[in-house]
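Participant: predicted coordinates and the sequence they were generated for:
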Amino acid sequence: MKKFLSIFSILVMATVSAQTELTGTENYIYNSTCLNDDCSRKTESVQYFDSWGKPIQVIDIKGSPTGKDIVGHVEYDHLGRQVKNYLPVPQTGTQNGLLYTSPLSNAPAVYGSEKIYSENVLESSPLSKVLQQINVGTQWASKPINFGYEANAAGEVDKFTVSTSWENGATKSVLTKSGTYPAERLSKSTVTDEDGNKTVQFKNAKGQLILMRKFNGNEQVDTYYVYNEYNQLAFVLPPNS
């Protein structure tokens, strides 16, 4: 990947060096879009990559209304995962495509003391499941979205079956309640939003949604999804059905 990008960078540099000052020691992809026939008006951007081929910076060259660069900063944690997503930061001027060594330095002048990135809190495992999402803005820092991953308990989810037959030139589906699912038969994922509202999804081994359970205060609202023997969705049982 690095070799390909390096060759591409050299080729691009030869064609755009007169107009831009791209950083020759980094891998990059340069893009120019003409806005009129003679290309006297155009938009330019450059995306820089690290030695592993991962994006590290995106620059909209003179992308602001006043002709200043707008920089998208990308960073990774110690495991190489992108856990923070930054808002683009307008700069004080333009560097004509050069890589910014301090792309966030002008952020306080633009955003003040606001938190300018959203964040994913990941579990410490190779799966890197998301445990929390924290949105952009200082006010949201103390109101994360929480995620939980479990399996169902015995008797927690009702089980329905469908039998399909051919009757009078059409299929006929008969719904039957057949007890409850045994423990640990379904995956259970929970999302609790910023206001504490909880939604729980139960899925089978095929990834089919079996139950959507929402909590409205102390009220539990269940919607069941029932599939026939051909793995087709046959019934949706609304709340209080």
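Facilitator: It's in.
Participant: buried ones in stretch 103-123?
Facilitator: Pro103, Leu104, Asn106, Ala107, Tyr111, Lys115, Ile116, Tyr117, Ser118, Glu119, Asn120, Leu122 (16 or more other C-beta atoms under 10 Å). To be clear about C-beta, it is placed using only N, CA and C from the backbone, and glycine gets the same treatment.
Participant: contacts only, for the first one.
Facilitator: When the contact criterion is C-beta atoms under 8 Å, 6 or more residues apart in numbering, the partners of Pro103 are Gln57, Val71, His73, Val89, Gln91.
Participant: save the residues you listed as JSON lines, and put in distance to Asp158 too.
Facilitator: Below are the contacts of Pro103 laid out as JSON lines (distance: C-beta to C-beta, whole Å):
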{"residue": "Gln57", "distance to Asp158": "52"}
{"residue": "Val71", "distance to Asp158": "53"}
{"residue": "His73", "distance to Asp158": "49"}
{"residue": "Val89", "distance to Asp158": "52"}
{"residue": "Gln91", "distance to Asp158": "58"}
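Participant: could you dump those residues into JSON lines with distance to Thr23, secondary structure and neighbour count added?
Facilitator: Output for the contacts of Pro103, formatted as JSON lines (distance: C-beta to C-beta, whole Å; DSSP: H, G, I helix; E, B strand; the rest coil; neighbours: other C-beta atoms under 10 Å):
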{"residue": "Gln57", "distance to Thr23": "10", "secondary structure": "strand", "neighbour count": "21"}
{"residue": "Val71", "distance to Thr23": "13", "secondary structure": "strand", "neighbour count": "24"}
{"residue": "His73", "distance to Thr23": "15", "secondary structure": "strand", "neighbour count": "20"}
{"residue": "Val89", "distance to Thr23": "18", "secondary structure": "strand", "neighbour count": "21"}
{"residue": "Gln91", "distance to Thr23": "15", "secondary structure": "coil", "neighbour count": "20"}
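Participant: let me know the outermost residue of the protein.
Facilitator: Asn168 (48.3 Å; C-alpha atoms, centre = their mean).
Participant: gap between that one and Val221?
Facilitator: 36 Å (C-beta to C-beta, to the nearest Å).
Participant: still on that earlier bit, taking the buried residues of stretch 103-123 together, which two end up most distant?
Facilitator: The span of the buried residues of stretch 103-123, defined through C-beta to C-beta, is set by Asn106 and Leu122 at 29.0 Å.
Participant: any idea how this protein splits into domains?
Facilitator: 2-117, 149-237 (automatic domain parsing).
Participant: to Ala141, which of these lies closest?
Facilitator: Of those, nearest to Ala141 by C-beta to C-beta is domain 2-117, at 5.7 Å.
Participant: show me where the protein has its helices.
Facilitator: Under the criterion DSSP state H, helices of the chain are mapped to 2-16, 107-111.
Participant: confidence-wise, which of those helices is weakest overall?
Facilitator: If you rank the helices of the chain by mean pLDDT, helix 2-16 sits at the bottom with a mean of 43.
Participant: residue contacts, Glu156?
Facilitator: Thr180, Tyr181, Lys188, Phe202.
Participant: format those residues as TSV; extra columns: neighbour count and pLDDT.
Facilitator: Formatted as TSV, the contacts of Glu156 follow (neighbours: other C-beta atoms under 10 Å; pLDDT from 0 to 100):
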residue	neighbour count	pLDDT
Thr180	15	97
Tyr181	20	97
Lys188	19	98
Phe202	24	98
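Participant: how about these in JSON lines, adding distance to Asp50?
Facilitator: Shown next, in JSON lines, are those (distance: C-beta to C-beta, whole Å):
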{"residue": "Thr180", "distance to Asp50": "51"}
{"residue": "Tyr181", "distance to Asp50": "47"}
{"residue": "Lys188", "distance to Asp50": "38"}
{"residue": "Phe202", "distance to Asp50": "41"}
